[in-house]
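Visitor: model this:
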Amino acid sequence: MKRLFFLLSVLQLLAAANAVYKQWIPNTNFETASNWDEGRVPCARDAVHFEKNKIISVFVRSPHALKDMYLPLNGELVLASGAGFAAFDGSWDPGCDSGVIVRFADAEHHAWFDPTLWQSVSPGGELEPTGRIFSVDEERVPCHYDDVIFQPETSFRVNVDSSQQVIHLRSISLMGQELSSPEAWAEYLRGSSAPLQFHGNGSIQLTGTGCPDKSGCVCGNTLDGDRICAALLGGSGRQCPVQPCQSPLKPHGHCCGICGVTISLDFTPDFDLQKYRDRLVQAFLSQPKYAGMQMAISKVHKAETFLEFIPQSSTPFIQIVLIDDEVGAQTGTTAEQLAADIMEDIEQHGEALGISSGKMEVATGSASNGQLGSRAASRTAAGIVMGLLFIFLLLGGIFFLYRRGKLRSLPRLPTLRVTRTWNRIEDPTPSEQASDKGFNNPMFYMEPPSADPGEKMTQETALKDHQVFYINPAYDASETEA
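Guide: The predicted model follows:
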C-alpha cells in the first residue's frame, strides 16, 4: 500500500508539471463531408473542383473513383497507404445516381485565435471529460507553455494572424510526430507542407519547456484578446448575451460578462497553483451541494493605477471564476455561497497555502446582491471624482494664498502681443482690418495709480510692494468726471 501511495503521488506530481494539451479541431481531409459544398464526400459520378487560386493541403485516406478532378495551382494531396484516385468506369455506385460538380470548401477562415476551434485533450490525444474546471476565453486558445496537437493522418490549414511578434508554444505534434525544439521546427518550416498548412503574419516559436513557476504562468494571449472575442462572437456586429444579473462581472481574459463570483488572490512564493486547484476541487466542488458549479482558476495580470484611472504597471494575481447553474433570481447564489466558503478557508489557512490576501466580487440575479458586482466601477468613478477634487482644492489654495499676499508676484514678463481670431459671419471693415491687428497686454507697461497725482510710481516701486496693477481698457474716466 505504501508503494502504491508513493507511485500515485509521483504520477500526480508529473501531471502537475505537464503543460496543457490543446488539439486543433478542423481538418481538410478528403473524406470529411463538411469540407464539400454538397455536404457529402464526392462519389464516382461527380467531378471534384478545387479553386485554382486556393492554397490547400488535403489528406486522402482511401481510394476514390471520380468522373473528373480540377486541381489547384498550389496545393498537395497527401495519400495514405492504399489511397488514390481512379477514373469512373461507368459501374453502378450506390447513392450516386446523378453526378454533379462538388467543390472543396474554403479553409482560409480557420483562425488560430478562434477558441471554438480548439479542445483540451490528454497527452495521448483523448478528449478531456467535461468537468468542473473551465477556462476563460483567452486561455481556450493555446498559451505560451502549452502543447499543440494536430491529429495524426489529417491535413489542415490555419491562419496565424496575430498582434504578437511571436506565438510561443512548448511543442507541436504533426502527423504523429512531436516537434519541441527550435531547430526541429525550423527544419519543418523549410519543407513543402508548412506554407500550405500555416499562413498569415504570425510567427510560431517552440521552446520545449513548460511553465517554470509553481504559482502558474500567465497565458500570454492578451494582445490578441480582440481577435479571440471577435471570433467567439462571430464578428464585431454580434453582442454578448444578456445576463440575468443586474451588474455582470467581467473576468480578466473573458469576452463577456458573467453572473457569479470572481475572487482575486495575492500570493507569496510558497503558493502552488496546481495544489490549490486540487484542494478546491476535492474540498469544495466535490460536495453534493456544489454539483452544478464550474470553476476557472489561473494566473492573470491586473493593471496598477494612480488615482484608480491612470495606468502605471501590472502585477500578477490568481483569478478564480465561479459560475453555477441556477436560473432567474437565484442565478449566482450558489456561487456566492461557495465563494464565502473559499474565503473562510483562506482566512484560516491562507498563510500555509501561500495566499497573502483575497477579495471577491459578486453578481447574482437578486436585486440586493446584484449591486455587489459594480463595486469596481464605483471605486473607479470615486477615484476620478477624488482626483478632480484634489486638483480643484490645490488650485483654490494657490489662488487664496496669492490674494492674501502670501505668494510673491511674478517678475515683469516681456510684452505679450495677442492677435485676435475672428469667428463671425460678417467680415470686419477694411479700416478695421488694417488697423486692428493686435493690442498690447494691459497687464504690462502701465503706470499704476498713485496717491499723489504729481508723482509717478515706477515699475521697480510696484514690484517692491509686491502688487500688480492694470488699467481697465473698458473704463472711461471722462464719463465719471462729467
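Visitor: nearest spatial neighbour of His301, skipping sequence neighbours?
Guide: Nearest non-adjacent residue to His301, counting by CB to CB, 6 or more residues apart in numbering: Ser314, 4.3 Å away. Bear in mind the C-beta positions are built from the backbone N, C-alpha and C, glycine included.
Visitor: First residue to last residue on stretch 104-112, what's the distance there?
Guide: Stretch 104-112 has an end-to-end distance of 21 Å (CA to CA, to the nearest Å).
Visitor: in it, what counts as buried?
Guide: Phe104, Ala105, Ala107, His110, Ala111, Trp112 (16 or more other CB atoms under 10 Å).
Visitor: Same check on stretch 209-222?
Guide: By 16+ other CB under 10 Å, the buried positions in stretch 209-222 come out as Gly210, Cys211, Lys214, Ser215, Gly216, Cys217, Val218, Cys219, Gly220, Asn221, Thr222.
Visitor: I'd say the fourth one and Tyr276 touch.
Guide: No: assessed by CB atoms under 8 Å, Ser215 is found out of contact with Tyr276, at 9.2 Å.
Visitor: Average pLDDT for stretch 210-225, rounded please.
Guide: In this model, stretch 210-225 has a mean pLDDT of 96.
Visitor: Same check on stretch 194-201?
Guide: 96.
Visitor: which stretches of the chain have low pLDDT?
Guide: Regions of the chain meeting the criterion pLDDT under 70 cover residues 1-19, 125, 129-130, 235-237, 303-313, 367-392, 396-482.
Visitor: Now do the helices in it.
Guide: In the chain, the helices defined using DSSP state H lie at 2-17, 182-189, 194-197, 225-232, 273-280, 333-353, 367-370, 375-403, 430-435, 459-464, 477-481.
Visitor: Check the burial of Gly292 by counting its neighbours.
Guide: For Gly292, the neighbour count with other CB atoms under 10 Å is 12.
Visitor: which non-adjacent residue is nearest it?
Guide: Asp325 is the one closest to Gly292 (CB to CB, 6+ apart), at 3.6 Å.
Visitor: what's the neighbour count on that neighbour?
Guide: Neighbour count of Asp325, defined by other CB under 10 Å: 12.
Visitor: how deep is the residue nearest to Gln205 when sequence neighbours are not counted tucked in, by neighbour count?
Guide: Closest residue in space to Gln205, ignoring its immediate chain neighbours: Val166 at 4.8 Å, by CB to CB, 6+ apart. Neighbourhood size, Val166 [other CB under 10 Å]: 11.
Visitor: I'd like the buried residues of stretch 104-112 as JSON lines, with distance to Leu73 appended.
Guide: Compiled in JSON lines, the buried residues of stretch 104-112 are given as follows (distance: CB to CB, whole Å):
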{"residue": "Phe104", "distance to Leu73": "14"}
{"residue": "Ala105", "distance to Leu73": "18"}
{"residue": "Ala107", "distance to Leu73": "16"}
{"residue": "His110", "distance to Leu73": "21"}
{"residue": "Ala111", "distance to Leu73": "24"}
{"residue": "Trp112", "distance to Leu73": "25"}
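Visitor: And these, which is closest to Pro94?
Guide: Looking at those and their distance to Pro94, the nearest is Phe104, at 23.2 Å (CB to CB).
Visitor: So that closest one sits against Glu38, correct?
Guide: No: look at Phe104 against Glu38 with CB under 8 Å: they stay out of range, at 10.6 Å.
Visitor: do you know how far Gly328 is from Ser366?
Guide: 9 Å (CB to CB, to the nearest Å).
Visitor: who has more neighbours, those two?
Guide: Between Gly328 and Ser366, counted using other CB under 10 Å, Ser366 has the larger neighbour count: 16 against 8.
Visitor: all strands of the stretch 1-150 of the chain, in order?
Guide: Along the stretch 1-150 of the chain, counting by DSSP state E, counting those that start in this stretch, strands occupy 21-24, 47-49, 56-60, 63-66, 68-70, 75-79, 84-87, 101-103, 118-121, 147-149.
Visitor: Just tell me which of the ones you listed ends up closest to Val321.
Guide: Ranking those by proximity to Val321 (CB to CB) places strand 118-121 first, at 16.5 Å.
Visitor: Show me which positions of that closest one end up buried.
Guide: Trp118, Ser120, Val121.
Visitor: Now the common contact residues for Ser215 and Tyr276.
Guide: Ile318, Gly354 (CB atoms under 8 Å, 6 or more residues apart in numbering).
Visitor: domain parsing for the protein?
Guide: Domain assignment for the chain by automatic domain parsing gives 18-239, 246-380, 412-482.
Visitor: can I get those in TSV with distance to Leu395?
Guide: As requested, these are exported to TSV (distance: least, CB to CB, whole Å):
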stretch	distance to Leu395
domain 18-239	38
domain 246-380	16
domain 412-482	19
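Visitor: So for Leu394, which of the ones you listed sits nearest?
Guide: Leu394 lies closest, by CB to CB, to one member of the domains of the chain: domain 246-380, at 13.4 Å.
Visitor: quick one, what contacts Lys54?
Guide: Contacts for Lys54 (CB under 8 Å, 6+ apart) come out as Pro72, Gly75, Phe104, Asp106, Glu108.
Visitor: how close does Cys240 sit to Trp92?
Guide: 53 Å.
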